[in-house]
Each structure stands twice: as C-alpha cells, then as structure tokens.
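Novice: Here is the input, now give the coordinates:
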Amino acid sequence: MPLQFHLLRDIRVQLQSHCPSRRQKKLSQDLQSGSYHTIVQSHRLFQAILIAYFYRLPSLESILSRCQRLVQTAHKSTLHKALKRRGCLRFVKEIYSHLIESSAEEQSPLVAIDSMAVTLPKTQRHRCKRMNNNTVGGGALIAFCLDTDERKLTPVRVLKTIAGPWNDSYRIRDVELIANGPIYLMDRGFVAYRNFEIWLEQSVHFIVRGKHNELFYDTKKVLLRKPRPLGQSAMLIEDSLVVLGIAANSKKKGRPYLRLLRRQNQKGMEIILFTDLFDVPAEQVFAMYRRRWEIETFFRHLKDYLGMGHLYSFDQRGIEFLFYSAIILATLIMQAGSNCGGKTVEQMNQLLNALREGAGLDKKWSRNTIVRGRRKAKKQGAKSKPGKRGNW
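Specialist: Numbers count the residues shown, from 1 in each chain. Got it, this is the predicted structure:
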C-alpha cells in the first residue's frame, strides 16, 4: 500500500484516539444553539476544512463539490455562515484541548515563543478588527517545541489568540510558563523588565534578544576580560552579570539580575542576549538562540505549505476557526508519521511533502489566492497613458 494511504489512515486513527466520532457528534450537538437547527454541524465542517487543506481546495465552491455529502448542503452561503458561528469555534477549540493534554513542552529542551499574524487588506470585505491603517485581522501567541522525540506528543501550544493589534511584551505577561523546565527562546518584542522579574521569580529559564535603544544596566561581575572570537565570523565583546535599569528609577521599576552577552559580526552588527543561564558557555547560548528561527519556519509551513494563508473566511471567528483547524491538522500529520527524531519542523515538512506527492500535488500552496483587492477609483479628468489601460 502506498505511503500516502498509510499516513491518511493514521491521521484518522490519531483524530479518533483524541476525540472519537461519537464524542465529536455529541459535542457538536451540545455546542449548537438550542433556538434553531443548524444544517452544517460543527464536526462535519471541521472535517471538511481538514480535507480542503490537505487536497488544496481553492474555494468554498470546490469544498462543496467534493464534500457536499459530508457538510449536507449545496449552498455556499450556508457554508460561509457556518464558518462564522460561535459554536463551530468552540467545537474546534475543544478538539484542540484534547490534543494539548499530551503536550511535548515539558519534555522538549528548547521551546520558541513568538506571535503569528493573520491579516487582510482593509479594502477587502471583512468583519475583522483593525490592525493599522492598511490591514485588519489578528494573530496568535504560540509556543513551539523545537525537538520532539515522542511522536504522540503535541509540539504546538497556542498561548493566546488575539483580535486586532497587540504587543508581545504585554501579552506574554500573564501566560503561565513551565518552571525549571525547557529553555524559552524569544525575540526582541518580548523584552520588558517586568517580564524578566516574573520569570526569575517563577524559575523560568529563558534566552531573550535585547534592544540596543533600551539598554540600561549596571555591571556587577565581568565574565569576559577582553573580546575573543566566537565562531569563524564573529567576536564576543561582552559577557557580564548585570542589573538592568537605571538606579534612579529602581523604586518605580524592578531591576532584574541577569547575564548579558553581546556578539558582533564582521559587518559590525551586534546581537544582545539576556538569559538566566549563568553557567552555560557563550557559544552554546548563541547556538540555542539561533534555533529560534525554526518557529518562523513553522509559521511558513502553516501559511505557505499547509494552507493557513489561504483563507476561506474573512470574519474574525472564521479566521480563528481556520487557524485552529490548521494547527490540529499539522499536529495529526506529525503524530501519524514515523518518528525519525531531530527537528520538529523538518519532520512536519517531510511528512506533508510525502502526503502531497502521493496525492499528485505540489509541495507549496500560494497564499491568499481568494483575496482580491477592489478597483482603485479613477480620478476625475485623469487621462490614461497612450498604449496602456487606465488605473486599476
């Protein structure tokens, strides 16, 4: 039997093991409104979206042509309204909660945390929160395990879903991280003295990249007397134990006690890291932080390869429903494949590529092909250039 059919069968088995069909149907009935009967039930819509992501169905019409018997409707408007229902969103969150019960975060040595944005141009017809002057949408704060040795565990934890604009340093503040567990890798957006205080009090291990324009500290102990080479093309110019902040503002702001490392490459660019790992060599600290980029590769995997960037709904609840469905499908594919060890994102890409090749599909899927901008209004009295069409 081809590898594709083995993997598809295992994906269904994994979904049944987390939440059996009978339980999905009962959950769907419990979450729907009691005032009216819905044609498209939540568990059927969820299965149809998984099929759409896997087989790269480009529109709601193509979903109906392939899954009409599953969703029990032939009308695009009915499917479009079902994607916006609050009950469908609650259903997919409940399914995800069953998957996250077996999280890999406690066993993974390195966990990257970052936020992923899902946005639309404001010229598109939508029902989303405003992000800025040009875009609307939202995003999610995600913890991604970089190494997963046990395939039955879930490598992705959704910390928060966000509608509208956000600030990473504030959103992470009330997120519960594991004490004395993995080392959390974060970018510059999470830098805040208050965050460092909370993590030090909770014994959370972290490596966070610092900002050059907000670097105020008092050196307490120098661990590096003079600059030394760090790899083949960089220099370690500072390694010290410092107290962050300005002494005059110590009563207003906390002054966390951290380790500060500064590295400079041949082009003069500096990378500043804050960490609570006092005994780890500087080379190892920078090597661990370099792996933070794998969460960006995972975001690209979700959007460009799995199909999260190809939106079937422009409603805030609909986008969140699609986001959770994509996360669940990526997790099921990971759990269905044979565990070969190594990096989590590489395993995800290999398994999805094997499935797509078996189905005769390309690996990459262009994002947001449904999104079409509106025509620009032509200025009154403006003349088009000879040989060219008017403005669009």
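
Novice: pretty sure Gly307 is in contact with Ser325, am I right?
Specialist: No. At 9.8 Å, Gly307 and Ser325 do not qualify as touching, with contact defined as Cβ atoms under 8 Å. (C-beta placed from N, C-alpha, C; glycine too.)

Novice: what do those two both touch?
Specialist: Tyr53 (Cβ atoms under 8 Å, 6 or more residues apart in numbering).

Novice: just the helices in the stretch 201-350 of the chain please.
Specialist: 282-290, 293-300, 316-336, 344-358 (DSSP state H, counting those that start in this stretch).

Novice: so can I have a markdown table of these showing distance to Ser65 and mean neighbour count?
Specialist: Below are these laid out as a markdown table (distance: least, Cβ to Cβ, whole Å; neighbours: other Cβ atoms under 10 Å):
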| stretch | distance to Ser65 | mean neighbour count |
| --- | --- | --- |
| helix 282-290 | 46 | 16 |
| helix 293-300 | 29 | 19 |
| helix 316-336 | 19 | 23 |
| helix 344-358 | 20 | 19 |
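
Novice: per-domain residue ranges of the protein.
Specialist: The chain breaks down into these domains under automatic domain parsing: 3-102+313-358, 188-291.

Novice: Compare the ones you listed and give me the one nearest Phe298.
Specialist: domain 3-102+313-358 (4.9 Å; Cβ to Cβ).

Novice: Tell me, how many residues neighbour Tyr257?
Specialist: 15 (other Cβ atoms under 10 Å).

Novice: and it, what does it touch?
Specialist: 200, 220, 241-243.

Novice: For it, give me the pLDDT.
Specialist: pLDDT recorded at Tyr257 is 92.

Novice: In the chain, where is pLDDT below threshold?
Specialist: Along the chain, the model assigns pLDDT under 70 to residues 1-38, 149-151, 247-254, 337-342, 362-392.

Novice: which residues does Val242 contact?
Specialist: 217-220, 257-260.

Novice: closest to Gln68 among these?
Specialist: Of all the contacts of Val242, the one with the least separation from Gln68 (Cβ to Cβ) is Leu258, at 58.4 Å.

Novice: nearest residue to that closest one other than its sequence neighbours?
Specialist: With sequence-adjacent residues excluded and distances taken as Cβ to Cβ, 6 or more residues apart in numbering, Leu258 is closest to Phe274, at 5.0 Å.

Novice: okay, now that neighbour: neighbour count?
Specialist: Neighbour tally, Phe274, other Cβ under 10 Å: 21.

Novice: separation between it and Asp147?
Specialist: 23 Å (Cβ to Cβ, to the nearest Å).

Novice: Distance check, the residue lying closest to Asp239 once chain neighbours are set aside against Glu294.
Specialist: Once flanking residues are discounted, Asp239 sits nearest to Leu224: 3.8 Å by Cβ to Cβ, 6+ apart. Here the distance between Leu224 and Glu294 works out to 28 Å (Cβ to Cβ).

Novice: Kindly report the same for Ile51.
Specialist: For Ile51, the distance to Glu294 - Cβ to Cβ - is 28 Å.

Novice: what's the answer for Arg171, then?
Specialist: Distance from Arg171 to Glu294, by Cβ to Cβ: 21 Å.

Novice: Same question for Thr161.
Specialist: Taking Cβ to Cβ, one finds Thr161 at 22 Å from Glu294.
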